[in-house]
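**Q** Here is a sequence together with a model predicted from it:
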Amino acid sequence: MTIGEACRIRIQELCDERGITLNKLAITSGITQSTLNNIISGRNKSTTVSTLKKVCDGIDISIREFFASEIFDELEQERK
């Protein structure tokens, strides 16, 4: 799994846990709906740390909490 896929899954997981729709997350995080849709659909394969920080702020968690998930334990080597 790539870091982009893991971030996409983690965002969806956090929204599901909190009962937050993607539309609500877009509003609370200050990210456009289209940007968030591109991340979740996989069209955006390299989400920036700045965008992830906004997502975390919208969900009211720290960036450390975001990455404190087993999903990030077994990422593929991205360097070719």
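**A** In hand now; what should we look at?
**Q** and the gap between the residue lying closest to residue 32 once chain neighbours are set aside and residue 33?
**A** In this structure, residue 32 finds its nearest non-sequential neighbour in residue 26, 6.5 Å apart by C-beta to C-beta, 6 or more residues apart in numbering. All C-beta spots, glycine's among them, are computed from the backbone N, C-alpha and C. Residue 26 sits 4 Å away from residue 33, going by C-beta to C-beta, to the nearest Å.
**Q** what does residue 70 give?
**A** 29 Å.
**Q** now do residue 73
**A** Applying C-beta to C-beta, the value for residue 73 to residue 33 is 31 Å.
**Q** Please say which of these two ends up with more neighbours.
**A** residue 33 (12 against 8; other C-beta atoms under 10 Å).
**Q** Report the buried residues of the helix ranked longest in the chain.
**A** What stands out as the longest helix in the chain, according to DSSP state H, is helix 3-18. For helix 3-18, burial by neighbour count (16 or more other C-beta atoms under 10 Å) applies to 4, 6, 7, 8, 10, 11, 14, 15.
**Q** so how far does stretch 34-50 reach from one end to the other?
**A** End-to-end span of stretch 34-50 (C-alpha to C-alpha, to the nearest Å): 16 Å.
**Q** could you measure residue 44 against residue 54, distance?
**A** Counting by C-beta to C-beta - residue 44 and residue 54 are separated by 14 Å.
**Q** And the contacts of stretch 58-66?
**A** Residues outside stretch 58-66 that contact it (C-beta atoms under 8 Å, 6 or more residues apart in numbering) are 10, 14-15, 18, 20, 25-31, 49, 52-53, 55-56.
**Q** residue contacts, the most centrally placed residue in the chain?
**A** The centre of the chain sits closest to residue 11, judged by C-alpha atoms, centre = their mean, with a distance of 3.7 Å. Residues in contact with residue 11 (C-beta under 8 Å, 6+ apart) are 25, 36, 39, 40, 55.
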